[in-house]
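# have a look; sequence and predicted model below, questions after that.
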Amino acid sequence: MFQTVPYNRGQFAVAAETPHLGAHESFIQDKDPNNTIQLRSNSLLRAMWAQNKTGGGTAILGSLVLKWATGFYKAGVVVAGLAEVGCGISDDFLPSGGVPDQNWFWIIREGSVTLTSDGSGALAQGNSLVTAAAGRVKIQVAAPADATAALVQINSKVGTSQGTVAAAAGTKFVAEVHFPVP
């Protein structure tokens, strides 16, 4: 189950190149593809080769929570919205322009990864994180308003912060994520 897709983190494939590898799950080493000497966490990440299904030419940027696209379970992904159930995190080493619509790339499903804060509040190490708007994350509310809100928070849990983060929208930080096997 080690990487057999011929692309590293930070790379993507055009739509016609790798559809036969769709939904391929693999363990990949947590290292910066631009720095072959220094490992980030020296751990293995569970990743999946997925296709951007946003439509309309919209690119997916790195470090965002993703969800399965309608009709494309376990292969196609789009950016998750507020309180939606995620399926993985877009590779945090993607180019600044992101992954163009219909192209294939790695999503991280378990392990240490960089996320993007929505800025709604400061985060401390160990805080539980849930999906926020536009693929970002926020702190899980300690006392949800009612049972429905509590279930939404349980279902939209993304992971746990690994450090302190200021309350600024767009701040990148490291978290430990775990998405169930689909």
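Everything's here; your move.
# which sections of this protein are below the confidence cut-off?
1-3, 19, 36-39, 181-182 (pLDDT under 70).
# show me where it has strands.
12-13, 25-31, 39-52, 65-68, 76-79, 88-90, 104-116, 128-131, 137-139, 157-161, 172-178 (DSSP state E).
# mind listing what's buried along the second one?
Neighbour-count burial for strand 25-31 flags 26, 28, 29, 30, 31 (criterion: 16 or more other CB atoms under 10 Å). No exception for glycine: its C-beta is placed from N, CA and C like everyone else's.
# ok, the second one to residue 106 distance?
The gap separating residue 28 from residue 106 is 7 Å, by CB to CB, to the nearest Å.
# where do the contact lists of the two overlap?
Residues touching both residue 28 and residue 106 by CB atoms under 8 Å, 6 or more residues apart in numbering: 9, 47.
# picking that back up, so which of the strands of the chain comes closest to residue 146?
With CB to CB as the measure, strand 128-131 is the member of the strands of the chain nearest residue 146 (15.9 Å).
# other SSEs contacting that closest one?
strand 137-139, strand 157-161 (3 or more CB pairs under 8 Å, 6 or more residues apart in numbering; DSSP states H and E).
# turn those strands into a markdown table, including mean neighbour count and distance to residue 82.
Converted to a markdown table, those look like this (neighbours: other CB atoms under 10 Å; distance: least, CB to CB, whole Å):
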| stretch | mean neighbour count | distance to residue 82 |
| --- | --- | --- |
| strand 137-139 | 25 | 9 |
| strand 157-161 | 21 | 12 |
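# so which of these gets nearest residue 45?
strand 157-161 (12.3 Å).
# could you list the domains of the protein?
12-111, 115-178 (automatic domain parsing).
# in TSV, list those domains along with distance to residue 6.
Below are the domains of the chain laid out as TSV (distance: least, CB to CB, whole Å):
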stretch	distance to residue 6
domain 12-111	8
domain 115-178	25
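# the ones you listed: which one's closest to residue 4?
domain 12-111 (6.5 Å).
# any idea which of the strands of the chain is most buried?
strand 88-90 (a mean of 28; mean count of other CB atoms under 10 Å).
# just checking: what are the partner strands of that one?
Neighbouring strands of strand 88-90 in its sheet, by DSSP bridges, are strand 65-68 (antiparallel), strand 104-116 (antiparallel).
# ok now it, how far from the chain's centre?
2 Å (CA atoms, centre = their mean, to the nearest Å).
# report the two of the buried residues of strand 25-31 separated the most.
Distances among the buried residues of strand 25-31 were taken as CB to CB; the most separated pair is 26 and 31, at 14.4 Å.
# what residue of the chain is the furthest out?
residue 146 (27.8 Å; CA atoms, centre = their mean).
# find the nearest non-adjacent residue to residue 163, please.
residue 125 (5.4 Å; CB to CB, 6 or more residues apart in numbering).
# residue 156 reaches residue 131, doesn't it?
Yes. Using CB atoms under 8 Å, residue 156 makes contact with residue 131 at a distance of 4.5 Å.
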